[in-house]
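Engineer: I would like to see how this sequence folds:
(chains A, B and C)
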Amino acid sequence: MTIKALLGGVAMAAIALPGLAQAETFSLWVRSDGSEFMPKLVDAFNAKGEDKAELQIVPVNELVQKYAIAAAGGSQPDALSLDLIFTPSFAQAGQLKDMTDFAKSLPYYDSLSQAHLSVGTYDGKIYGMPFSADASVLVWNKNLYKKAGLDPDKAPANWNDIRKAAEAIGALGDDTYGFYFSGNCGGCNIFTFTPLIWASGGNLFEDKGAKATVKTPQMKDALEFYRGMAKDDLVPAGSQTDSGSNFFAAFAGGNIGLTPSGSFAIGALNNQYPDLDYGVTYLPGKDGDWSSFAGGDNIVVSAKTDEDKMPAIEAFIKFAYSSEGQTILAKNGSLPVRADVAEEALKGLDSRYLIAAKAMDKGRTPYTPVFNDLINSLNGPWVNMLNKAFFADSAEEVDEAMDEAQEEMQSIIDSSR
Amino acid sequence: MTDGLMAVPETPMPTRRRRRRHSQWNGLLFVLPSLLLVTIFFIVPLGMAAWMSLHKWPLMGVPRWVGFDNYERLLTDKSFWSSLWFTIEYTVVITIGLLGVAMALALIVQGQGKAISAYRTIYFLPVVTGFASAALLWVWLSNVDTGLFSPLAQDIGLTEGRVNILANFTPAFWSVIFMVIWKMAGFYMVILMSGLQSIPTDYIEAARIDGAKWSQRFRFIIMPLIRKPFALALILCISGSMLAFDQFYIILSGGPRNQTVTAVYKIFNESFISFRLGYGAALSMVLLVILLALSVIQLTFLSDKGPKK
Amino acid sequence: MNAVTFSDQAMAASAAPTQRKGRLRYHTLIFHATSVLVALLFLAPLVWVVLSSFRSPAESTQPPIPPWPMDGFSISSYDRLENFGQSVLHYSGNSLFVAVGTSMLTIVVSLLAGYGFSRYRFPLKGLAFVLILSTMMIPFQSILTPLFLLLAKMGLQNTLIGLVFIYTTLQLPFSVFMMRNAFDAVPKEIEEAARMDGVKGWRMLVQVMGPLVLPGVVTVGLFAFLNAWNEFLAALVLLTDQSKFTLPVLMTAVQHGRYGSVDWGAVQAGVTLMMIPCMILFLILQRSYIRGLTAGAVK
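Structural biologist: Numbering: from 1, shown residues only, chains lettered A, B, ... in the order given. Next up, the predicted model:
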């Protein structure tokens, strides 16, 4: 009886639905890095109206692959919160819907993150819109600073400051190290290492990604800077094989003096390691100045997504941009992507977020449609060069690593055209 | 009489023929499900792969016919040839290591008795754990901070400070070799053991009484008599190792610095990391030809030289 | 069969010469000492991970020396694993479905094929046999993408059933070879006798031949189960829906960690969880398993 009644109800609902309202359900993917804020945002959105987003969290290392395979089989999600650096390659492959008109119709279009929009644009059209943001910053352990007799409130402003502090902290004991970086992780280091080069006046790509500029004095200086610290045991041995799995945990363990990290670390440290007293500052250049990698996600819509679903997706994007949406993001580990409500969204939060938000403002994002091959691949030229150079025995080896990377990157770029 | 004699063979002929035709059809019927599976899920995709190898075939976007461009490009692809070279190196090392250890283990477990059967069970146990779990386990044990090997080496004074064994080629490579031997030796042990057990003991006993040393008995009696299982172990080991992937992917990610990227790993990278499916398919075709050639060489060497059955 | 004759002969041999007894005892001692030492080496990694998985969260970030929990037995590693995605039981269920499905299908298909190849003559029989065996030589990684496109066409992509078909296909060369040998080993006379009694067709296969090739069936089923349970790459590539993940795919996500940190305790718990069922199954079935395997090797 009850089952019959239930079935009847379902059937009626099914019949009633199309006429009732244009309530639409769309599928939405996010990489696992967004597993803090995305479910909350989706829940809030689903509670609001008839439109529903169906969220799926995909392991970060498998997102591109999974999407591409799903797309080949026609089971791609309707919308996707995509690591922003992949927007050009997805757009180049014709996978994405042109969102230029929708984006420009937004009254606050000019306040949206410029770094996101610049990589979200391909061939003059906007395919990806800013969604979540994460800026790279330098964090230091104030407890260890005090122990080493350093001023815990004085942020390092250049490479020499970092090196001096790392030496003082490294001298504290066997299990304490001055500095940490994930020495075998391309993704981590594009995020935290390239700002050192940018802030010193160098660049990694020129001409909208058509030219690799690996072989530069700035790159060489930065590589030598890290190599020196690794050679003098200021960095733990695990760094050499860390392909990103220890990127955050190393510093959180409390025995690392300084490490370049991301704004996501602020929330994670506050929640999981409340006893750790740390400071946040910009990633400095060799002799001062600073820079940051503007990371995070763009929201994109699959080219094959049904037009009927567009209003629901657009409603979701607008909700995410509302001050309510931006506040949910900010409270759960993402920086705001809309500058005019940023302060409101960050109100009441840890003041260290403001530094990250400022870093975001000035942040840069490398533009290349072959980002995965060049940078993120575990066997790509970028991570190969870094690993070889960071732990090289001689300066010649560093040069050799740079030469190889320059050649291989350029050939990958050329063959993709 | 003669009529009768002639008549006897003549009458059953049609029935026998009919029965044979009937049973022919039956035999095919029994084999059909397996043929269907292999055709749909192997032969057809393989044909598609061959077809794809003649295209520039991105995973996202439209495939484009390029003829033999992919094959031309592969000839000058240094990273492919070095991955192939590494695979061969690995295969040689692991085959010697595995079959050597397996033979030693087989000699231990060939006998009877409670203790021996317990040894047999224990040596075989890692075989059933699967490469993914074994590799995950090894990643942890080899980890410099939270693992077992390097802290242990430091604690017992073998090394000064902790050595990151996965950071350099030689220790990393041997770590994987140890893992594979640990995990797979039991499998080959059982195959070789079956050969040892089928040797009649009087052969060995007779040789012993004639004064043959242990090494002589092993070299001249045991080895020739277990040629068949040994050949099987060798073929399985070589073709398995030429296709190695999991352990290098999970434990080393092809590192340090791409020195442990195997041929299959390279194909995987091209197809599923860089999404150059056409090029990846061309590489697969080359690997396929190499493996087939290897198998043919092995089969002719090992089975024809031996005593024919 | 071989084992039995061998043991009889071994006993007869060892009973004969008494003058070598002293030397034999010494040899036996060395033999067992070595064997036990090797056994300990083989067991160590397994024992290490199982024991370590019961350490407390604080301990699990330390090297496992000693491996057992120092400040109390704790299942927190399993708890944390439970909180990763959906319940771990759900993913274990997926793995179990795939493994059982694969082993059932493999048994049925290879039993039929083995019987066909062993007992019938038909056109192109040799070619068909070589065709099935030759798939072993080809890295299936290289045909994963066409496979995916194919599964999508058949409406089987992103389903556990699709995975079962693929795993079964991958099991076939070994299984068909195994089963053909198992049938070959059955004397023709038994079949003839049964045929005299009027047994034919399916009944012949199931009632007469079935019990005789049972060790082969167990081997084939067990290998299929274990391989499907442990397979990782195809599952990783072919399953796009998180709720369909099998245990190994889940475990790589755990190993990669979140926010750049790895929960090694959860990795240990997961590895334990993946290994234990395989080991239990093997310990229960090992007799027919090893017997079946060696029968295949000797032929």
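Engineer: for stretch B:156-172, which positions count as buried?
Structural biologist: In terms of neighbour count (16 or more other C-beta atoms under 10 Å in any protein chain shown), stretch B:156-172 has its buried residues at B:162-168, B:171-172. Bear in mind the C-beta positions are built from the backbone N, C-alpha and C, glycine included.
Engineer: may I have that stretch exported as PDB, CA atoms only?
Structural biologist: Included here for stretch B:156-172 are C-alpha records, laid out as PDB according to Å, rounded to 0.1, in the frame of the first residue of the first chain:
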ATOM      1  CA  ILE B 156      71.000   0.800  14.000                       C
ATOM      2  CA  GLY B 157      73.900   3.000  12.900                       C
ATOM      3  CA  LEU B 158      74.000   2.000   9.300                       C
ATOM      4  CA  THR B 159      73.700   5.500   8.000                       C
ATOM      5  CA  GLU B 160      74.400   8.900   9.500                       C
ATOM      6  CA  GLY B 161      71.200  10.800   9.500                       C
ATOM      7  CA  ARG B 162      68.200   9.800   7.500                       C
ATOM      8  CA  VAL B 163      68.700   9.000   3.900                       C
ATOM      9  CA  ASN B 164      65.900   9.500   1.400                       C
ATOM     10  CA  ILE B 165      66.100   6.300  -0.400                       C
ATOM     11  CA  LEU B 166      63.600   7.300  -3.100                       C
ATOM     12  CA  ALA B 167      65.600  10.400  -4.000                       C
ATOM     13  CA  ASN B 168      68.300   8.800  -6.100                       C
ATOM     14  CA  PHE B 169      68.100   6.300  -8.800                       C
ATOM     15  CA  THR B 170      70.200   3.400  -7.400                       C
ATOM     16  CA  PRO B 171      68.500   3.000  -4.000                       C
ATOM     17  CA  ALA B 172      65.100   3.800  -5.400                       C
END
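Engineer: B:Gly161 against B:Gln154, yeah?
Structural biologist: Yes. With contacts defined as C-beta atoms under 8 Å, B:Gly161 counts as touching B:Gln154 at a distance of 6.4 Å.
Engineer: where's A:Met229 relative to chain B, distance?
Structural biologist: 16 Å (C-beta to the nearest C-beta, to the nearest Å).
Engineer: for the stretch 151-300 of chain B, what spans make up the helices?
Structural biologist: Listed from the start of the chain, the stretch 151-300 of chain B has helices (DSSP state H, counting those that start in this stretch) covering B:169-197, B:201-209, B:214-217, B:223-225, B:227-242, B:246-247, B:263-268, B:277-305.
Engineer: and the stretch 151-300 of chain A, which residues reach chain B?
Structural biologist: When proximity is defined by C-beta under 8 Å from any C-beta of the partner chain, the stretch 151-300 of chain A lies next to chain B at A:184, A:236-238, A:240-241, A:243, A:246.
Engineer: in ChimeraX, how would I select the buried members of those?
Structural biologist: Selecting just the buried residues from these in ChimeraX takes one command, with 16+ other C-beta under 10 Å as the test:
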select /A:184,236,237,238,240,241,243,246
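Engineer: not counting sequence-adjacent ones, nearest residue to the residue of the stretch 51-200 of chain A found nearest chain B?
Structural biologist: Sorted by distance to chain B under C-beta to the nearest C-beta, the residues of the stretch 51-200 of chain A start with A:Ala93, at 3.6 Å. Of all residues not flanking A:Ala93 in the chain, B:Met60 sits nearest, at 3.6 Å (C-beta to C-beta, 6 or more residues apart in numbering or on different chains).
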